[in-house]
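Trainee: Let me see the structure of the following:
(2 chains)
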Amino acid sequence: DQQVKQNSPSLSVQEGRISILNCDYTNSMFDYFLWYKKYPAEGPTFLISISSIKDKNEDGRFTVFLNKSAKHLSLHIVPSQPGDSAVYFCAASNSNSGYALNFGKGTSLLVTP
Amino acid sequence: KAGVTQTPRYLIKTRGQQVTLSCSPISGHRSVSWYQQTPGQGLQFLFEYFSETQRNKGNFPGRFSGRQFSNSRSEMNVSTLELGDSALYLCASSLTSGSRTDTQYFGPGTRLTVL
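Mentor: Take a look at the predicted model:
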């Protein structure tokens, strides 16, 4: 039962433009959300996180938005760079699960020059 | 500081065999979690260890087990391998356990192929 869903398997964006990656979740107990990115032959790398008490968190070119009522979060990358090309995973956790992260299946982002 | 290391990086086994994978966390990290990544199911949580104790377990059969040693290194074992166990097994370490906001740092994974 996939509790975290990333419905777009892939996304292609031109360099300099905004990339928007979306994620939906079904478990209302989730209260901490993260984005990881993964390059081939490497493990996922933490990118940015957001607690459910916030609706926005920004770190440089990366901003995560959380809409709790819609159970939806999104990652905005502005401006997109070719080095951002990777697979992006959305993940969520709740207080009962400790470090256990529930991951989406990922969105492959390609930033073209 | 060295990152999370996992050995071996690649492994080929046959059905019915057992396998042991190893994970060395970042120095000073005390929590180790294991995940299985497959094309169909994505990344799924297996278990988490802290101070040699399993604190949390995902929804996997008992054939999947793990342990953590006093130096925080961890191993996971899969017995009676099935074709469906073919996956990338990822290990992640965190500085402490108890704060979910501690960043989890992932290793490169062990690619297990079951024939």
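Trainee: where along the chain do the strands fall?
Mentor: Since no chain was named, I'll use chain A. A:4-5, A:10-14, A:19-25, A:32-38, A:45-51, A:56-59, A:62-67, A:72-77, A:86-93, A:102-103, A:107-112 (DSSP state E).
Trainee: Switch to chain B, please.
Mentor: Remark: strands assigned in chain B by DSSP E are B:5-7, B:10-13, B:19-24, B:31-38, B:42-50, B:53-57, B:64-68, B:74-78, B:87-94, B:105-106, B:110-114.
Trainee: Can you name every helix or strand that the shortest one contacts?
Mentor: In terms of contact count using 3 or more C-beta pairs under 8 Å, 6 or more residues apart in numbering or on different chains; DSSP states H and E, strand B:105-106 is assigned the packing partners strand B:87-94. Placement of C-beta: from N, CA and C, glycine included.
Trainee: same question, the second one
Mentor: Packing partners of strand B:10-13 (3+ C-beta pairs under 8 Å, 6+ apart): strand B:19-24, strand B:110-114.
Trainee: How about the longest one?
Mentor: In terms of contacts (3+ C-beta pairs under 8 Å, 6+ apart), strand B:42-50 is packed against strand A:86-93, strand A:102-103, strand B:31-38, strand B:53-57, strand B:64-68, strand B:74-78.
Trainee: So for it, mean pLDDT?
Mentor: Taken as a whole, strand B:42-50 has a mean pLDDT of 92.
Trainee: same thing with the shortest one?
Mentor: The predicted model gives strand B:105-106 an average pLDDT of 94.
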